[in-house]
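1. have a look; sequence and predicted model below, questions after that.
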Amino acid sequence: MTKREIMIALLKHKEYKRTPFWLNGFTTKEMAEGYLGAENVPDDFVFCSEYQKGAPTEENQIKKIRYAEKSGSYAIAVGRNSNLAYGRGGPGVFLERIIEDQKDYYVTECETGIKTKYYKEPYSYGRSNYPLTTLDEIDDLKLPDPNEEERYRGIEAEVDFLKKKGYFVYANTNGILSGLYNYLYPFQDLMINLVENKAGVHKAINKVKEFNLTVARNFLERGVDCIGFCDDLGFATSLFFSRNMFKEFFLPFYREVADLCHQYDGFVHMHSHGNLLKVMDLLEDINIDILNPCLSEEQMDVEYLLNNYGQKMAFAGGISSSKLKDLTDAEIEDEIKGLVAKLRDKPYIMMAGFSQEMPQEKFDLIIDNIKKLSG
């Protein structure tokens with residue numbers, strides 16, 4: 001079975017031969033190049049002075065293959081600027097371009113008008129110039145054209161190329177909550193408006209939803225296996241809002257994107273940090289196919305989730321690189337082996353991301369152990 005065939009079998013809750021691995025990604029391109037080698041990292045992984053639309057060059061498509069081979073990942077995202085971190089980048093999200101580049105930081109401007117200042121070391125960022133000062137302005141806000149042909153130039157051919165190489169192919173799109181607070185309106189003001197201006201929140205959500213669903217459909221029509229998005233919904237202890245607010249404001253989008261993916265015999269993969277236990281039954285009911293990152297430090301124990309919701313859902317994650325970096329070599333091996341042994345034959349996908357520096361030999365040991373188990 002190819003990596004793609006294994007992923008599809010797992011997601012259809014059929015027998016599969018090996019536990020797959022999905023690389024969550026890295027904080028910076030420099031980190032990816034340091035661990036995997038610059039020759040294995042596409043040149044378009046980071047922002048540049050233009051909005052990066054369409055498919056990468058043939059050279060960078062080949063580098064995507066090498067990137068997946070080196071890391072052991074079964075899944076590859078289509079489009080330029082799409083694989084550094086899961087759910088971020090690629091022509092399916094609101095795009096950013098660099099308008100200022102200094103030694104210690106750079107500034108990007110998004111298609112929506114928001115500006116983000118990224119500090120290089122240590123990595124951090126801050127946003128300014130939000131296009132909305134109040135949600136009452138949402139009717140006058142013009143978003144990018146989700147049907148613009150240039151966004152999808154060469155994507156169908158790239159999908160075909162990656163599938164023939166045996167990879168599970170996905171496209172990143174905006175989340176519905178993060179699509180608002182990352183690109184349109186400050187998070188704290190949005191939370192207040194969930195109570196004080198429900199009509200305005202619904203209007204804003206519908207505007208982003210229309211863009212997201214149109215983009216998702218365009219990718220699905222070009223053959224991707226899966227639509228992925230990031231929408232952090234809570235703290236380690238609870239949601240940002242009540243269960244009823246989740247049902248009212250955000251669940252309808254998740255249902256629509258899941259239904260859309262399934263119309264094309266595809267899958268939907270949702271990323272959310274935070275304790276989601278109060279709404280797991282709702283995500284199961286609307287047929288979310290994959291949820292990540294499933295971290296025990298956020299009360300999202302992957303074994304518990306699989307035992308309680310694994311009849312309909314798959315779960316990716318459970319591997320915390322920040323925890324593993326402090327373990328001995330033997331403890332790292334035992335941790336990964338033990339996790340996979342417990343979850344073998346369940347719809348479980350190993351997933352890890354790397355946001356903190358660690359010695360090269362420690363990174364290599366983690367990836368080598370993952371590769372041994374994923375084939």
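-> Thanks, I have the structure now.
2. pick out the residue nearest the middle of the chain.
-> Gly87 (2.3 Å; C-alpha atoms, centre = their mean).
3. my guess is that residue contacts Ser272. True?
-> No. Using C-beta atoms under 8 Å, Gly87 makes no contact with Ser272, being 9.9 Å away. Bear in mind the C-beta positions are built from the backbone N, C-alpha and C, glycine included.
4. are there residues contacting both of these two? Which ones?
-> Common neighbours of Gly87 and Ser272 (criterion: C-beta atoms under 8 Å, 6 or more residues apart in numbering): Cys230.
5. about what we covered before: quick check: closest non-adjacent residue to the residue nearest to the centre of the chain.
-> With sequence-adjacent residues excluded and distances taken as C-beta to C-beta, 6 or more residues apart in numbering, Gly87 is closest to Cys230, at 3.5 Å.
6. list the residues that contact that neighbour.
-> Residues in contact with Cys230 (C-beta under 8 Å, 6+ apart) are 86-88, 175, 178, 271-272.
7. where does this structure have low pLDDT?
-> Regions of the chain meeting the criterion pLDDT under 70 cover residues 375.
8. quick one: buried residues of the top helix by length along it?
-> For the chain, the longest helix by residue count, based on DSSP state H, is helix 198-221. Buried residues in helix 198-221, counted by 16 or more other C-beta atoms under 10 Å: 200-202, 204-205, 207-209, 211-213, 215-220.
9. now swap in stretch 340-353 and tell me
-> For stretch 340-353, a neighbour-count test (16+ other C-beta under 10 Å) marks 340, 343, 346-353 as buried.
10. ditto for stretch 33-43
-> The neighbour-count check on stretch 33-43 (16+ other C-beta under 10 Å) flags 35-36, 40-42 as buried.
11. what does that stretch rub up against?
-> With contact meaning C-beta under 8 Å, 6+ apart, stretch 33-43 is reached by 26, 29, 32, 56, 59-60, 63-64, 66-67, 69-71, 83, 354, 360, 363-364.
12. at 6 Å instead, please
-> Residues outside stretch 33-43 that contact it (C-beta atoms under 6 Å, 6 or more residues apart in numbering) are 32, 60, 63-64, 66-67, 70, 363.
13. from the middle of its chain, how far away would that stretch be?
-> Centroid separation for stretch 33-43 versus its chain: 20 Å, with C-alpha atoms, centre = their mean, to the nearest Å.
14. quick check: end-to-end length of it?
-> Separation of the first and last residues of stretch 33-43 by C-alpha to C-alpha, to the nearest Å is 10 Å.
15. picking that back up, what residues are up against the residue nearest to the centre of the chain?
-> Applying C-beta under 6 Å, 6+ apart, one finds that Gly87 lies in contact with 172, 228-230, 271.
16. so which of these belong to strands?
-> Per DSSP state E, strands hold the following members of these: 172, 228-230, 271.
17. which PyMOL command selects the buried ones in those?
-> A single PyMOL command selects the buried members of the ones in strands among the contacts of Gly87 (16+ other C-beta under 10 Å):
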select buried, resi 172+228+229+230+271
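18. and of the ones in strands among the contacts of Gly87, the nearest to Lys12?
-> Using C-beta to C-beta, Gly228 is the member of the ones in strands among the contacts of Gly87 that lies nearest Lys12, at 17.8 Å.
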